[in-house]
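A.B. asks: sharing a model prediction with you, sequence too.
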Amino acid sequence: MKWGQMLDNLLGVHGKASPPTIPPAVPGQGQLPEERPGPPQARLTRAQLRELAQFEARKIELYFQRHSDQFEYERYLNNGVTGVSCKIRLKSNGDRNTPKSFVIKRAFRENRQLHLRGEERMLELFRGAQHILQLFYVPGLARNPFLGPELTIWTEWIESGTLRDFIDRSKSMDRPLPNRLLLEFFKCLLCFCVAMAWPPNGGMGAPHREEKMPTDYQQRTKKEQIVHADMHCSNGSLNPEGGGHGLVPILKLIDFDHAYRETRPLGLNPGVTTNIRDIGQVMRAIITRNLSMRPLEGEVTVTIGGIRRTFITQGADLSDGQYGNLDPQIAGLVQWCLANTSNRPSLELLDLSLTDLMRRATPNRYADYSHGKYESDNEIRNLVQKLILDANAEQ
């Protein structure tokens, strides 16, 4: 019996309980357009989507409460137009398992099952990628129990909130974010791009490793053109258990239900250049701490790697003087990512430039900056503790 049928039997969906009645949507009242082409579908308002999602979440809750001694339902998380997400806890099981939380995501509209199937297939490509959301596997089991292949995916639970949460909390400070912290985030974002260009495609439960570009030239030229297509500050989650960083938690890219492979001529690397633009937009949001600010297009001249470059960019405001504590070389790299397509850096050149800047970005580099005293390791760790680790523990 499939899991969906088990749920329906438990809840008596074909008897006592029934899904919420969704009236026809009224044109112009908060409707969400269908996200992908296909046969005509009823368009639902946000309120209608939320009602369906909460009904599905209740089914999940009752299933884990009544049907399994191994799991515990913790809470409803959120929903989109594709599905609903809930937090579940794997209970301790003698010497084999320690208690561990994970996320279950389930479609609540039948025509949305393909979205989840597509997301699961994408995540399978990224098994073992340290900076990408990972599928969750129950230790000791070859396959997650109760898994409906068209309907449900299980992923790891990431503890410390999103990049957007961090930015919102940081607005309470009366100073800009340290340059060395910005560089740590920039490195994580670059790893997003590396993973999508060369997905590790590891096995089930593969160990997590930092994404590295192939050392072989021929392999480097064979880039996958995977585009995330929904990269923003709410889709970057901070994971203190991820390892790999000395100062800040790992930033992980989540929500791949919009992801696709770009099919334009591969010699142009269209998927890679799109992702580079997207990480530039995220970096600009972190620097400005203004998620709603519109990009300012303009011509800039920057020196990167000893080469003077002039180009049109969507980040012209980063060099107009209002961010006086910002390292001009960080600003230049972000502006480069936000340049028009023909002037954006290659992934290899961006990695080389960022790695070189991080090597030189010691606290002494910023000693004469207006907020240079906050660039030390201790100051950055204190900021992370306050705005990420402690703030999450209070929730």
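C.D. replies: It's in.

A.B. asks: and Leu251, that one's in a strand?
C.D. replies: Yes. Assessed by DSSP: H, G, I helix; E, B strand; the rest coil, Leu251 belongs to a strand.

A.B. asks: low-confidence ranges, this protein, go.
C.D. replies: Within the chain, the stretches with pLDDT under 70 are 1-42, 67, 80-82, 92-97, 110-112, 139-151, 242-245, 266-267, 293, 392-395.

A.B. asks: could you break it into its assigned domains?
C.D. replies: 3-24+45-156, 163-393 (automatic domain parsing).

A.B. asks: how distant is the last one from the center of its chain?
C.D. replies: On the basis of CA atoms, centre = their mean, to the nearest Å, the separation between the geometric centre of domain 163-393 and that of its chain is 12 Å.

A.B. asks: isn't there a strand covering Pro199?
C.D. replies: No. Counting by three-state DSSP, Pro199 falls outside a strand, being coil.

A.B. asks: neighbours around it, how many?
C.D. replies: Other residues near Pro199 come to 20 when the count uses other CB atoms under 10 Å. C-beta coordinates here come from the backbone N, C-alpha and C atoms, glycine included.

A.B. asks: pretty sure it is touching Leu125, no?
C.D. replies: Yes. If you go by CB atoms under 8 Å, Pro199 and Leu125 touch, sitting 4.0 Å apart.

A.B. asks: what ranges do the helices span in the protein?
C.D. replies: Ranges of helices in the chain, per DSSP state H, are 3-11, 46-66, 113-125, 163-170, 179-197, 217-221, 270-288, 328-337, 347-360, 377-384, 390-393.

A.B. asks: which residues does stretch 207-214 contact?
C.D. replies: Contact partners of stretch 207-214, identified using CB atoms under 8 Å, 6 or more residues apart in numbering, comprise 128-131, 134, 191, 194-195, 197-198, 200, 220, 242-244, 347-348, 351.

A.B. asks: using CSV, list the CA coordinates for that stretch.
C.D. replies: Extracted C-alpha coordinates of stretch 207-214, given in CSV (Å, rounded to 0.1, in the frame of the first residue of the first chain):
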residue,chain,number,x,y,z
PRO,A,207,30.0,12.2,2.9
HIS,A,208,29.8,16.0,2.5
ARG,A,209,32.8,17.6,0.9
GLU,A,210,33.6,21.2,-0.1
GLU,A,211,32.9,21.7,-3.8
LYS,A,212,36.1,22.0,-5.9
MET,A,213,36.7,22.6,-9.5
PRO,A,214,38.3,19.7,-11.4
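
A.B. asks: mind putting the helices of the chain into JSON lines with distance to Thr313 and mean neighbour count?
C.D. replies: Shown next, in JSON lines, are the helices of the chain (distance: least, CB to CB, whole Å; neighbours: other CB atoms under 10 Å):
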{"stretch": "helix 3-11", "distance to Thr313": "49", "mean neighbour count": "16"}
{"stretch": "helix 46-66", "distance to Thr313": "35", "mean neighbour count": "17"}
{"stretch": "helix 113-125", "distance to Thr313": "30", "mean neighbour count": "18"}
{"stretch": "helix 163-170", "distance to Thr313": "21", "mean neighbour count": "19"}
{"stretch": "helix 179-197", "distance to Thr313": "16", "mean neighbour count": "24"}
{"stretch": "helix 217-221", "distance to Thr313": "26", "mean neighbour count": "10"}
{"stretch": "helix 270-288", "distance to Thr313": "9", "mean neighbour count": "22"}
{"stretch": "helix 328-337", "distance to Thr313": "4", "mean neighbour count": "23"}
{"stretch": "helix 347-360", "distance to Thr313": "14", "mean neighbour count": "16"}
{"stretch": "helix 377-384", "distance to Thr313": "28", "mean neighbour count": "16"}
{"stretch": "helix 390-393", "distance to Thr313": "33", "mean neighbour count": "13"}
